[in-house]
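# Model the following, please.
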Amino acid sequence: MAYLDHAATTPMLDRALEAYVATAREVGNASSLHASGRRARRRVEESRERVAAALGARPSEVIFTGGGTESDNLAVKGIFWARRDADAGRRRVICSAVEHHAVLDAVDWLCQHEGAEVGWLPADGVGRLHPDALRAELAAHGDRAALITAMWANNEVGTVQRVAELAAVAAEHGVPFHTDAIQAVGQVPVDFAASGVAALTVTGHKLGGPVGVGALVLARDVAAVPLLHGGGQERDVRSGTLDAAGIVAFAVAVEAAVKDQQEYAARVAALRDDLVQRVRRAVPEVVFNGDPTDRLPGNAHFSFPGCEGDALLLLLDAQGIACSTGSACSAGVAQPSHVLLAMGADDDRARSSLRFSLGHTSTAADVDALIAALPAAVDRARRAAALRTPR
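Residues are numbered from 1 along each chain as shown. Take a look at the predicted model:
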C-alpha cells in the first residue's frame, strides 16, 4: 500500500513506541505518593520538560491532554469562559474561516449554548489570513473580544500562516491568541515564546507519537476554565489520571520531530514537489490548492475537475493508494470542503478535492504508485460523475 495520508495520522516512530512499551510495563499512578507513583510522576515531569524545551515554552506552560480535539476545546471554551467571567461584555470569538472542525464546532457550540458571537477572519485565494483584516476586526470589536483563534498551518490545503504577525496584532489589543499547531509541529519551525501566542495546541499521532495524548501549551498569565473537573491535575485545568506511558512516548516523538525538522522538511518537500509535478503532467486540468510556497512540506492538495472527491478516493483506495478527500463527511453525505469554499472556490471545485500528504515513512515508490493509478482513476471518476449529472 502507498500510504499518502500522514496528515490524518502517521506511524509511530520506533523510539516513541519503544518508550511507550517500556513505560507501560511500569505500574504507578502519577498522583500517588508511594514510590511507584513518584516514579510515574518523575516520568511525566521529565516529559513535560522535554516537550517544553522542544516547543520553546516553560514546563509549567505544558498541560497534557487526551489529544488535539480536547486541547482545542479546552483553549477555545476555557479561555472564552474565563474572559467572559472577568468581563461579561467579552463574548466575541474571532475565528478564521479555515479552521479544523475541532475549533469551528467549539466556537459554534459557544454561540448556541453560551451566548457567544463570532467574527470571522477571511482567507484569501490560497488560504492565507492577513493581519490587516484582524486589525480591522479588533478596531471594530476589540472591546468585546474574548479570544482569537487561527491555526498555524491548514490541515487541508497546507498553507502556513504568519502566526507571529497575527499574534502581535492581538497583543496590541490585549486579546489572547490561540493557534492550532497540530499540523505544524515537526513540519515547520514552531516556537511558543517567540511566536507571541497565548495558547498552542499539539497532538501526538500527527508527528510520530501515540493516538490519545497531546498538549495545550498555555501561558501562565492566561486563565482557562476547565472542561473536566476532578482531581485537579495539570494546573487544575485538566483533571484526570495522567497516561504516563503515552506522555513519555509523546515527549520522545515531539523532541525527535523538532530536532529532525529541517532534514525531514527538505526530504519530504522534494518528494512532494515531484508528486505535484507528475500529477500536473498526468492530469493537466488539475487545480493545485493552497499557497504555492508557504505550505507544509508534505502537503499536496488538488481539485480534479469533473470528479467527485469521494469517488476518486475510493477508486485510488482499490488500487492500494491511501489518501484523503478534502470534503468532510456528515451522516454519510459528502459535503464540499469548507476550507476551499472559504478560499472562494465554487461548489464543484470544493467537492472534487483530494489531499495527498507525505510523512517520515514516505518514499519515491509511493509517488510512483500514485502516478501509475491516477489517470485511470480520474477517467473512471469523471465518467461516473457524468452519469449522475442531470441532463
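
# Low-confidence ranges, this structure, go.
Within the chain, the set of residues satisfying pLDDT under 70 comprises 326-334, 389-391.

# Can you pull the domain assignment for it?
For the chain, automatic domain parsing gives the domain ranges 2-8+261-384, 14-259.

# Kindly list the longest helix within this protein.
Criterion DSSP state H: the longest helix present in the chain is helix 364-388.

# Burial check on residue 172, number of neighbours?
Look at residue 172: counted by other Cβ atoms under 10 Å, it has 12 neighbours. To be clear about C-beta, it is placed using only N, CA and C from the backbone, and glycine gets the same treatment.

# what does stretch 24-40 contact?
41, 43-44, 231, 233, 241-242, 244-245 (Cβ atoms under 8 Å, 6 or more residues apart in numbering).

# didn't residue 98 look like it was pressed against residue 343?
Yes: in this structure, residue 98 is within contact of residue 343 by Cβ atoms under 8 Å, at 7.2 Å.

# of those two, who's got more company?
Comparing residue 98 with residue 343 by other Cβ under 10 Å, the one with more neighbours is residue 98, at 29 against 25.

# sorry, back to before: so what sits against both of residue 98 and residue 343?
123, 127, 157.

# and the nearest residue to the last one once chain neighbours are set aside, what does it touch?
Taking Cβ to Cβ, 6 or more residues apart in numbering, and ignoring the residues beside it in sequence, residue 157 has residue 290 as its nearest neighbour in space, at 3.4 Å. The neighbourhood of residue 290, defined by Cβ under 8 Å, 6+ apart, consists of 126-127, 154, 156-159, 299, 301.

# residue ranges of the helices in the stretch 201-350 of the chain, please?
If DSSP state H, counting those that start in this stretch is used as the criterion, the helices of the stretch 201-350 of the chain fall at 244-259, 261-282, 309-318, 338-342, 347-351.

# Spatially central residue in this protein, please.
Against the mean C-alpha coordinate of the chain, by Cα atoms, centre = their mean, the closest residue is residue 182 at 3.5 Å.

# If you drop the residues flanking it in sequence, what lies closest to that one?
Once flanking residues are discounted, residue 182 sits nearest to residue 68: 4.7 Å by Cβ to Cβ, 6+ apart.

# any idea which of the contacts of residue 290 is closest to residue 363?
Checking the contacts of residue 290 against residue 363 with Cβ to Cβ, the nearest one is residue 299 at 17.2 Å.

# and stretch 45-62, how far from the chain's centre?
20 Å (Cα atoms, centre = their mean, to the nearest Å).

# can you list contacts of it?
Contacts for stretch 45-62 (Cβ under 8 Å, 6+ apart): 64, 185, 190-195, 200, 202, 215, 217-220, 235, 247-248, 250-252, 254-255, 257-259.

# Output the one helix or strand residue 78 maps to as PDB, restricted to C-alpha atoms.
Element membership for residue 78, per DSSP states H and E: helix 68-86. This file holds the C-alpha atoms of helix 68-86, laid out as PDB (Å, rounded to 0.1, in the frame of the first residue of the first chain):
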ATOM      1  CA  GLY A  68      -5.800  17.700  19.700                       C
ATOM      2  CA  THR A  69      -9.600  17.900  19.800                       C
ATOM      3  CA  GLU A  70      -9.600  18.200  23.600                       C
ATOM      4  CA  SER A  71      -6.800  20.700  23.600                       C
ATOM      5  CA  ASP A  72      -8.600  22.900  21.000                       C
ATOM      6  CA  ASN A  73     -11.900  22.700  23.000                       C
ATOM      7  CA  LEU A  74     -10.100  23.500  26.300                       C
ATOM      8  CA  ALA A  75      -8.400  26.500  24.700                       C
ATOM      9  CA  VAL A  76     -11.400  27.900  22.900                       C
ATOM     10  CA  LYS A  77     -14.100  27.300  25.600                       C
ATOM     11  CA  GLY A  78     -11.800  27.600  28.600                       C
ATOM     12  CA  ILE A  79     -10.300  31.000  27.600                       C
ATOM     13  CA  PHE A  80     -13.800  32.200  26.500                       C
ATOM     14  CA  TRP A  81     -15.300  31.400  29.800                       C
ATOM     15  CA  ALA A  82     -12.500  32.900  31.800                       C
ATOM     16  CA  ARG A  83     -12.600  36.100  29.900                       C
ATOM     17  CA  ARG A  84     -16.400  36.400  30.000                       C
ATOM     18  CA  ASP A  85     -16.400  35.700  33.700                       C
ATOM     19  CA  ALA A  86     -13.900  38.600  34.200                       C
END
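
# got the angle between the next helix or strand along the chain from that helix and helix 68-86?
Using DSSP H and E, the helix or strand that follows helix 68-86 towards the C-terminus is strand 92-96. On the basis of axes from the mean of the first three to the mean of the last three Cα atoms, to 10 degrees, strand 92-96 is oriented at 150 degrees to helix 68-86.

# For strand 92-96, which strands pair with it and how are they oriented?
When pairs are called by DSSP bridges, strand 92-96 turns out to pair with strand 117-121 (parallel), strand 145-149 (parallel).

# taking those together, which one is wrapped up most tightly?
Among the strands paired with strand 92-96, ranked by average contacts under mean count of other Cβ atoms under 10 Å, first place goes to strand 145-149 (a mean of 26).

# Export the following helix or strand past that one to PDB, keeping only CA atoms.
Later in the chain than strand 145-149, the nearest helix or strand by DSSP H and E is helix 163-172. Below are the C-alpha coordinates for helix 163-172, written out as PDB (Å, rounded to 0.1, in the frame of the first residue of the first chain):
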ATOM      1  CA  VAL A 163       1.300  33.500  13.200                       C
ATOM      2  CA  ALA A 164       3.700  35.900  14.900                       C
ATOM      3  CA  GLU A 165       2.300  38.800  12.900                       C
ATOM      4  CA  LEU A 166      -1.300  37.800  13.800                       C
ATOM      5  CA  ALA A 167      -0.300  37.400  17.400                       C
ATOM      6  CA  ALA A 168       1.400  40.800  17.500                       C
ATOM      7  CA  VAL A 169      -1.900  42.400  16.300                       C
ATOM      8  CA  ALA A 170      -3.800  40.500  19.100                       C
ATOM      9  CA  ALA A 171      -1.300  41.700  21.700                       C
ATOM     10  CA  GLU A 172      -1.800  45.300  20.600                       C
END
